[in-house]
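In: Pasting a predicted model and its sequence here:
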Amino acid sequence: MGRLGVTEILVILAVVLLLFGGKKIPELMKGLGSGIKEFKNAAKDDSQPADKKEDETK
């Protein structure tokens, strides 16, 4: 299992297009983007010190 080349990526994209169709892909990407955004926000909130979190809740 090595790195993915251009041919492999094109084959994967073609399969995804066939499975989901052209109309469904933007919806999937929007959902993926919002999920990543929520994950980053949650990770950012967890990295704050505990006393800052207490001040924000007051």
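Out: Looks like it came in fine. Numbering: from 1, shown residues only.
In: Identify the single longest helix in the chain, thanks.
Out: helix 6-46 (DSSP state H).
In: From residue 21, how far out is residue 8?
Out: Using CB to CB, to the nearest Å, residue 8 is found at 22 Å from residue 21. Placement of C-beta: from N, CA and C, glycine included.
In: Pull the distance from stretch 22-31 to the chain's centre.
Out: Remark: stretch 22-31 is offset 12 Å from the chain centroid, using CA atoms, centre = their mean, to the nearest Å.
In: Run through who's touching it.
Out: For stretch 22-31, the external contacting residues (CB atoms under 8 Å, 6 or more residues apart in numbering) are 16-17, 20.
In: Out of those, which one has the weakest pLDDT?
Out: Scanning the contacts of stretch 22-31 for pLDDT, the low point is residue 20. It has 84.
In: ok, now which ones touch that residue?
Out: Residues in contact with residue 20, defined by CB under 8 Å, 6+ apart, are residue 28.
In: one step back: which one among the contacts of stretch 22-31 gets closest to residue 47?
Out: Comparing the contacts of stretch 22-31 against residue 47 with CB to CB picks out residue 16 as the nearest, at 33.6 Å.
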